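S.K.: I'll drop the sequence and a predicted model, then ask my questions.
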Amino acid sequence: QVQLVESGGGLVQAGNSLRLSCAASGPTFRSGAMGWFRQAPGKEREFVATISRSGGITDYADSVEGRFTISRDNAKNTVYLQMNSLKPEDTAVYYCAGRNGPSPSSRNDYDYWGQGTQVTVSS
C-alpha cells in the first residue's frame, strides 16, 4: 500500500505564499514522476505541476507558470509545491499524485493519489 500525505495547506491573503509538501511511503512505493493537481468547488480537478523522477524536467499549468515551483527530495521521498503571489482563484483542494514511471505528466494517469490539502486565498 502506497501512501501520499500532503501538508502545508491553509488560509492566506492574496499575494502571500504557501509551501505544500507531499511525503510518500509504503512497501511497494517506487519513486517515479510526481505531480500536483487541484480541484476548486464546483469544478473538475485540474493539472497544476509535474516533475520527473530525476527532478530535471518540470511542467506547469499556464495559470501558475512563474508563480509556482515544484521540486523534490528523493532521499526523503517528498515533493514540494512552492506557491507565491497567490490569488483567490488558486483556492482549491490540492492533491499530490505519483507515477511508477519516470516521465512527468499533465494528465490524470497517475498510480497513486493523496487525500488532498485545502488552500484558501482571501482577497
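M.R.: Everything's here; your move. Everything quoted here is computed from the prediction, not taken from an experiment.
S.K.: Could you list the low-pLDDT ranges of the chain?
M.R.: Within the chain, the segments meeting pLDDT under 70 span 27-30.
S.K.: tell me which element residue 49 falls in.
M.R.: Element membership for residue 49, per DSSP states H and E: strand 46-51.
S.K.: partners of the most centrally placed residue in the chain in the sheet?
M.R.: By CA atoms, centre = their mean, the mean C-alpha position of the chain lies nearest to residue 36, the distance being 2.5 Å. When bridges are called by DSSP bridges, residue 36 pairs up with residue 49, residue 96.
S.K.: still on that earlier bit, neighbouring strands of the helix or strand just after the strand holding residue 49 in the sheet, and parallel or not?
M.R.: Of the helices and strands lying after strand 46-51 in sequence (DSSP H and E), the nearest is strand 58-60. Applying DSSP bridges, strand 58-60 is found paired with strand 46-51 (antiparallel).
S.K.: next one: the partner strand to chain centre, how far?
M.R.: Centre-to-centre, strand 46-51 and its host chain are 6 Å apart (CA atoms, centre = their mean, to the nearest Å).
S.K.: Equivalent analysis for stretch 106-117, please.
M.R.: The answer for stretch 106-117 is 9 Å, by CA atoms, centre = their mean.
S.K.: Kindly check the end-to-end length of it for me.
M.R.: Start-to-end span of stretch 106-117 (CA to CA, to the nearest Å) is 19 Å.
S.K.: can you check stretch 42-60 too?
M.R.: Terminal residues of stretch 42-60 lie 22 Å apart, using CA to CA.
S.K.: So what touches it?
M.R.: Residues from elsewhere that reach stretch 42-60, judged by CB atoms under 8 Å, 6 or more residues apart in numbering: 31-39, 61, 64, 68-72, 74, 79, 81, 92, 94-95, 101-108. Just so you know, the C-beta spots here come from the backbone N, C-alpha and C atoms, and that holds for glycine as well.
S.K.: so of the residues you listed, which ones are in strands?
M.R.: The strands, defined by DSSP state E, take in 34-39, 68-72, 79, 81, 92, 94-95 from the contacts of stretch 42-60.
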